[in-house]
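J.: Sharing a model prediction with you, sequence too.
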Amino acid sequence: MREILFVIFSIFTITAASGVLLSKSPVYSAFSLILSFFGLAGLYLLWGSTFMAMIQILIYTGAIVVLFVFVVMLLNLNTEKENPPNLLFWGISAGSVWLLSLILLRVLTRSIPSKLPAVPVDQLRTISKLLFTRYLWPFEVLSLFLLVMIVAIFAITRTGEIPVGGEKS
Amino acid sequence: MDLTDLIITVVKTAVIYIGMIQVVPLMLIVERRGAALIQDRPGPNRVGPFGLFQPIADVIKMMMKEVIIPSQVNKALYLLGPSLVLLPASLVIAALPFGDFFSVFNKPYLLQVANIDVGILYVLAIGSLGIYGILFGGWASNNKFSLMGAMRATSQIISYEIPLGLAACSAVLWYGSFSLREMVVTQEGTLWGVIPNWGVFCQPLGFLLFFIAAFAETNRLPFDLPETEAELVAGFHTEYGPMDFGTFFMAEYMNMATMSGLMVAMYFGGWHLPWIADATLLQWLGSRNILAILQVVTVVTKMAFFMVVYVWVRWTIPRFRFDQLMRLAWKNLIPLGLFNIVLTAVILYLKGAA
């Protein structure tokens, strides 16, 4: 039963993920992305980690992809507006894909255990404890990094004087 | 899991789901008569006694109208829109606790479709998916007003999910559990022997934030900016025909019911009656199943109270302007939510130290 479900969820995830790449319209891509995240959440559930599954849906499907779709629709991207791909573009893409695959291969062959570790019974407590003790510094540094990125993007995209005292009411 | 378990689970799920769908026609008449009451006019009172059969007439009208699919729409996403809104609204009901448990052949069954250990996360996660229906539906309509409505709905719901989540965070801290059932169980008894040990008294600020954000999440007045008829015709459902609109409408009322159910479970003691312990009640009533019925009645009554508040607020408070709405969320509610989390943590720390 578990194996069948695993295969179903995996095929679903992979099909949806290929849909992201293959569909012509960005809106359909975003829709496929949502579906593939659901497949991932199903895989987490199958592993017994309800918390990870819910967080996956809450953060990625419920918030991040919504913003993707929002921006895509706001800009009203059309398929015909797409730039025709040139040789340089293809070269750079192929190079980065090759590099990324090498890195991934290296990481995967080194660190993947042959068997998934069992999910702890009290997963929430375990995850929180680890986040606040062992991984406290990486966690804090990452959040600081995100904050710096937000401020940087804001500074780059915002042209002209920033009015002092916020918008008029 | 033997056959009895299976049958009882199926029946329980069906009863809860069908029961929750009945909220829609009920609210249809409550809303129209409530509006009439507040505006000092009779309201719909012709069909049946006190106009009680009005929802039937309304639904028949919607069903009989001609279905028109506009020619300029993106057909697949246009048709998908309403169902993508209704589906999450139906799914979240599974996590709501309607009572403690009932017993069949001396075997206890929870009065809840699924007791999920991360219940509140489930509700927030699945509940946040409803936005896709509005977003895709509005975009696929290929109409400026629909798109504007969908954009407004998205930015509003995304923004108000944050105070909602922050309020839920402090509630989780306070009860020490993500499960809605656990939360209700914790709320039994009294605080210093005087007031009920309910979330609304332990987490007043959290409740206020949750309450305000719940209105915005369900697109209800005073936050119904996505469908302001004065500016956007009908917002994201401008291009939708009779029953497609009906589906959006159903989803809105079911979301309202879910939000009410959440507020009851998190802040209003769920199935507990104030000042009376469950054990005492059981002694008075003498039977587990009669107590279960009483608990369901209690939960439904509390939910009905919030539904009436929804109607009351809708016809009392005028609509916000969009920048005011955003300012309320980002500059007032979110800082207050963060403050509430810190406050809760400090109180819990002091309680633990004492």
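T.: Everything's here; your move. Bear in mind that the values here come from a model prediction, so they are computed numbers and not experimental data. Numbering: from 1, shown residues only, chains lettered A, B, ... in the order given.
J.: Dead centre of chain A: give me the residue that sits there.
T.: Among the residues of chain A, the one closest to the centroid is residue A:60, at 6.5 Å (Cα atoms, centre = their mean).
J.: Ignoring the adjacent residues along the chain, who's closest to it?
T.: residue A:37 (5.0 Å; Cβ to Cβ, 6 or more residues apart in numbering or on different chains). Where you see a C-beta, it was placed from the backbone N, CA and C, and this is true even at glycine.
J.: Next, count neighbours for the residue in chain B positioned nearest to chain A.
T.: In chain B, no residue comes nearer to chain A than residue B:128, which is 3.2 Å away by Cβ to the nearest Cβ. By other Cβ atoms under 10 Å in any protein chain shown, 23 other residues sit near residue B:128.
J.: hmm, back to that, so the residue nearest to the centre of chain A touches residue A:35, yeah?
T.: No. Under the criterion of Cβ atoms under 8 Å, residue A:60 is not in contact with residue A:35, lying 12.0 Å apart.
J.: Mind telling me what element residue 131 is part of?
T.: Answering for chain A, as no chain was given. Element membership of residue A:131, judged by DSSP states H and E, is helix A:123-132.
J.: Please refer instead to chain B.
T.: helix B:130-140.
J.: Report whether that helix contacts chain A.
T.: Yes. With Cβ under 8 Å from any Cβ of the partner chain as the criterion, chain A is reached by helix B:130-140 at B:131, B:132, B:135, B:136, B:139.
J.: for that helix, which positions count as buried?
T.: Neighbour counts using 16 or more other Cβ atoms under 10 Å in any protein chain shown place B:130, B:131, B:132, B:133, B:134, B:135, B:136, B:137, B:138, B:139, B:140 of helix B:130-140 among the buried residues.
J.: hey, C-alpha coordinates of stretch B:317-324 in PDB?
T.: Written as PDB, here are the backbone C-alpha positions of stretch B:317-324 (Å, rounded to 0.1, in the frame of the first residue of the first chain):
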ATOM      1  CA  ILE B 317     -19.900  49.300   9.500                       C
ATOM      2  CA  PRO B 318     -19.100  51.000   6.200                       C
ATOM      3  CA  ARG B 319     -16.400  49.700   3.900                       C
ATOM      4  CA  PHE B 320     -12.800  50.600   4.300                       C
ATOM      5  CA  ARG B 321     -10.600  52.200   1.600                       C
ATOM      6  CA  PHE B 322      -8.000  49.900   0.200                       C
ATOM      7  CA  ASP B 323      -5.000  51.800   1.600                       C
ATOM      8  CA  GLN B 324      -6.700  52.000   5.000                       C
END
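J.: thinking again about what came up before, how far out from the middle of the chain is the helix holding residue B:131?
T.: Here helix B:130-140 is found 20 Å from its chain centre; the criterion is Cα atoms, centre = their mean, to the nearest Å.
J.: Skipping adjacent residues, who's closest to the residue of chain A found nearest chain B in space?
T.: Nearest residue of chain A to chain B: residue A:62, at 3.2 Å (Cβ to the nearest Cβ). The shortest distance from residue A:62 to any non-neighbouring residue, by Cβ to Cβ, 6+ apart, is to residue B:128 (3.2 Å).
J.: Are we agreed that the residue nearest to the centre of chain A is in a strand?
T.: No. If the criterion is DSSP: H, G, I helix; E, B strand; the rest coil, then residue A:60 is helix and not within a strand.
J.: What pLDDT does the model give it?
T.: The model reports residue A:60 with a pLDDT of 86.
J.: got the angle between the lengthiest helix in chain B and helix A:123-132?
T.: Longest helix in chain B, counting residues (DSSP state H): helix B:144-175. On the basis of axes from the mean of the first three to the mean of the last three Cα atoms, to 10 degrees, helix B:144-175 is oriented at 90 degrees to helix A:123-132.
J.: does chain A sit close to helix B:144-175?
T.: Yes. Applying Cβ under 8 Å from any Cβ, one finds helix B:144-175 in contact with chain A at B:147, B:150, B:151, B:154, B:155, B:158, B:161.
J.: Could you pick out the residues of chain B near chain A for me?
T.: Residues of chain B lying close to chain A (Cβ under 8 Å from any Cβ) are B:77, B:116-118, B:121-122, B:124-126, B:128-129, B:131-132, B:135-136, B:139, B:147, B:150-151, B:154-155, B:158, B:161, B:178, B:323, B:327.
J.: Now do the contacts for residue B:214.
T.: By Cβ atoms under 8 Å, 6 or more residues apart in numbering or on different chains, the contact list for residue B:214 reads B:164, B:259, B:262, B:263.
J.: what's the answer for residue B:199, then?
T.: Counting by Cβ under 8 Å, 6+ apart, residue B:199 has contacts B:171, B:174, B:175, B:183, B:187, B:206, B:207, B:266, B:267, B:268, B:269.
J.: give me phi/psi at it?
T.: phi -60, psi -30 (degrees, to the nearest 10).
J.: just residue B:196 next, same as before
T.: phi -60, psi 150.
J.: Repeat that for residue B:103.
T.: phi -130, psi 140.
J.: do the same with the one 5 residues further on
T.: Backbone dihedrals for residue B:108, given as degrees, to the nearest 10, come out at phi -80, psi 140.
J.: With residue A:134 instead?
T.: According to degrees, to the nearest 10, residue A:134 has phi -70, psi -40.
J.: What of residue B:121?
T.: Dihedral angles for residue B:121 - degrees, to the nearest 10 - are phi -70, psi -40.
J.: got the buried residues for stretch A:24-36?
T.: By neighbour count with 16+ other Cβ under 10 Å, stretch A:24-36 contains the buried residues A:26, A:27, A:28, A:29, A:30, A:31, A:32, A:33, A:34, A:35, A:36.
J.: Reformat those residues as a markdown table; add pLDDT, distance to chain B and secondary structure.
T.: Shown next, in a markdown table, are the buried residues of stretch A:24-36 (pLDDT from 0 to 100; distance: Cβ to the nearest Cβ, whole Å; DSSP: H, G, I helix; E, B strand; the rest coil):
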| residue | pLDDT | distance to chain B | secondary structure |
| --- | --- | --- | --- |
| A:26 | 79 | 11 | helix |
| A:27 | 80 | 7 | helix |
| A:28 | 83 | 9 | helix |
| A:29 | 84 | 13 | helix |
| A:30 | 84 | 9 | helix |
| A:31 | 85 | 7 | helix |
| A:32 | 89 | 13 | helix |
| A:33 | 88 | 11 | helix |
| A:34 | 88 | 7 | helix |
| A:35 | 89 | 11 | helix |
| A:36 | 91 | 14 | helix |
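J.: before we move on, the earlier item: quick one: the residue nearest to residue A:62 and residue B:164 touch, right?
T.: No. The pair residue B:128 / residue B:164 is not scored as a contact, 9.4 Å apart, by Cβ under 8 Å.
J.: Not counting its neighbours along the chain, what's nearest residue B:48?
T.: In space, residue B:48 is closest to residue B:54, 7.3 Å off (Cβ to Cβ, 6+ apart).
J.: For the one you found, give me its contacts.
T.: Per Cβ under 8 Å, 6+ apart, neighbours of residue B:54: B:28, B:29, B:32, B:44, B:46, B:47, B:48.
J.: Over to residue B:43?
T.: Per Cβ under 8 Å, 6+ apart, neighbours of residue B:43: B:32, B:33, B:35, B:36, B:37, B:51.
J.: Am I right that it falls within a helix?
T.: No. Assignment of residue B:43 by three-state DSSP gives coil, placing it outside any helix.
J.: Quick one, grab the pLDDT at it.
T.: Looking at residue B:43, its pLDDT reads 79.
J.: coming back round to it: could you name the helices and strands sitting against the helix holding residue A:131?
T.: helix A:50-55 (3 or more Cβ pairs under 8 Å, 6 or more residues apart in numbering or on different chains; DSSP states H and E).
J.: What are the buried residues along the next helix or strand after the helix it packs on?
T.: Scanning forward in sequence from helix A:50-55 by DSSP H and E, the next helix or strand is helix A:65-75. Applying a neighbour-count criterion of 16+ other Cβ under 10 Å, one finds A:65, A:66, A:69, A:70, A:72, A:73 buried in helix A:65-75.
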